[in-house]
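**Student:** Predicted coordinates and the sequence they were generated for:
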Amino acid sequence: MAALVLQLLLMLLVILAASELFTNALEHLGARLGISEGVTGSLFAAVGTALPETMVPLLALAAGTANARVNAEIGTGAILGAPLMLSTLSTFLMAAAVLPRRGLLGRLRPERSGLVRDLNFFIAAFVVACAAMLLPNHDRAVRAGLALSLVLLYFFYMWLTLRASRGLVADGHGTQAAAAMLLSRTGLPVNLLTIIAQLACATALLIAGAKGFIGGIEGVSQLLRISPLVLSLLVIPIATELPEKVNSILWVRRGKDTLAMGNITGAMVFQGTLLPAIGIVATPWEARPEVLGGVVITLLAAAWLRIVARRGGIPLWAPLINGALYVFYVGLALLPRQ
């Protein structure tokens with residue numbers, strides 16, 4: 001058991017280091033390209049910090065373990081667990097980080113049009129992904145059609161986000177890198193080539209860390225006699241979402257609410273479209289009780305954020321309810337079953 005825990009911790013450190021490298025390079029890329037914080041947060045940073053949990057289901061489904069059923073359960077759990085974590089615990093922690101400074105009646109003030117767009121696309125995509133669970137496994141043509149619609153939906157979302165960038169930059173929402181590029185500390189210049197080199201190094205580390213994490217998850221699930229699906233719904237997102245939570249917390253504490261919230265909601269769109277598309281065609285994608293519970297909680301949390309997203313911002317007490325929803329789901333998922 002100690003060896004497995006050590007393996008998980010080591011792989012987590014690799015994932016964290018790689019995600020920091022990736023996000024740091026993405027900020028510099030956004031600043032160099034002259035794009036808005038909304039694009040950097042909702043597209044660049046969101047996709048970059050979503051890579052750890054993205055790699056886990058992909059590698060699990062491709063060649064995670066010798067057990068195909070375990071691979072499918074880890075893949076499904078990681079795909080659905082990430083949006084659950086983002087919409088509940090991640091938003092809660094971000095709000096809690098500035099609660100002492102801003103007060104319970106204070107507000108998060110991200111750029112509203114991008115926030116609303118992210119949440120609308122996520123809710124629509126996740127409803128489609130949920131509908132696919134009700135289809136029989138042999139109905140592959142319809143499943144493939146729904147998967148394709150999710151992929152197209154994400155590219156349409158990207159187009160709308162990029163189209164809005166120029167106006168947001170003109171309004172003062174341009175991206176500024178928070179720190180010097182890490183690779184430049186070795187004496188290398190900061191240019192497009194070194195930015196891409198840092199992105200490539202980070203991606204290689206992410207793949208290695210995710211692969212090692214999969215093996216540890218299988219071992220822990222066997223020792224604790226917990227379903228790999230439940231463990232993947234809860235454990236993988238907690239580990240692999242840490243970079244997202246840390247970055248959003250740092251950004252919101254610096255007053256960069258658009259980057260902080262976009263990092264979370266943009267990742268929700270990414271993981272609510274492309275990854276479920278893979279799950280629909282590559283796993284049984286069944287409406288099991290533990291899966292349905294997570295899906296319902298995720299949709300409730302996202303809908304709640306959309307309801308409270310006013311022009312004056314999101315009241316700080318609202319994401320605290322999202323945190324309570326996550327605690328409720330954890331208790332529900334860990335209840336003993338007959």
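**Tutor:** On my side now, so go ahead.
**Student:** Tell me, what's the model's pLDDT at the closest residue to residue 137 other than its chain neighbours?
**Tutor:** Nearest-residue entry for residue 137: residue 284, 6.0 Å, with adjacent residues in sequence omitted and distances by Cβ to Cβ, 6 or more residues apart in numbering. Where C-beta positions appear, they are placed from N, C-alpha and C, glycine not excepted. On pLDDT, residue 284 comes in at 81.
**Student:** Please apply the same query to residue 70.
**Tutor:** 67.
**Student:** Can you tell me the element the residue nearest to residue 137 falls in?
**Tutor:** Using DSSP states H and E, residue 284 sits within no helix or strand.
**Student:** Now do the closest residue in space to residue 237 that isn't next to it in sequence against residue 120, distance only.
**Tutor:** Closest residue in space to residue 237, ignoring its immediate chain neighbours: residue 85 at 3.7 Å, by Cβ to Cβ, 6+ apart. Going from residue 85 to residue 120 by Cβ to Cβ, to the nearest Å gives 20 Å.
**Student:** who has more neighbours, these two?
**Tutor:** residue 85 (29 against 14; other Cβ atoms under 10 Å).
**Student:** hang on, the more buried one packs against residue 235?
**Tutor:** No - taking Cβ atoms under 8 Å as the definition, residue 85 is not a contact partner of residue 235, at 10.4 Å.
**Student:** What ranges does the chain have for its strands?
**Tutor:** Here the chain has its strands, by DSSP state E, at 107-108, 314-315.
**Student:** chain center to the first one: distance?
**Tutor:** Okay, so that is strand 107-108. 21 Å (Cα atoms, centre = their mean, to the nearest Å).
**Student:** ok, and what's touching it?
**Tutor:** Here strand 107-108 makes contact (Cβ atoms under 8 Å, 6 or more residues apart in numbering) with 94-95, 98, 252, 257, 260-261, 312-316, 319.
**Student:** Make a PyMOL selection of the buried ones in those residues.
**Tutor:** A single PyMOL command selects the buried members of the contacts of strand 107-108 (16 or more other Cβ atoms under 10 Å):
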select buried, resi 94+95+98+252+257+260+261+313+314+315+316+319
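**Student:** possible to save the contacts of strand 107-108 as CSV with pLDDT and distance to residue 164?
**Tutor:** Shown next, in CSV, are the contacts of strand 107-108 (pLDDT from 0 to 100; distance: Cβ to Cβ, whole Å):
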residue, pLDDT, distance to residue 164
94, 93, 23
95, 94, 25
98, 95, 26
252, 90, 22
257, 90, 17
260, 87, 18
261, 90, 15
312, 83, 21
313, 90, 19
314, 95, 20
315, 94, 25
316, 94, 26
319, 95, 24
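**Student:** which of the contacts of strand 107-108 sit farthest apart?
**Tutor:** Taking Cβ to Cβ as the measure, these span a maximum distance of 17.8 Å, between 94 and 312.
**Student:** So what does the residue nearest to residue 76 when sequence neighbours are not counted have for phi and psi?
**Tutor:** Take residue 76 and drop its neighbours on the chain: the residue closest to it by Cβ to Cβ, 6+ apart is residue 283, 5.1 Å away. Taking degrees, to the nearest 10, you get phi -130, psi 170 for the backbone angles of residue 283.
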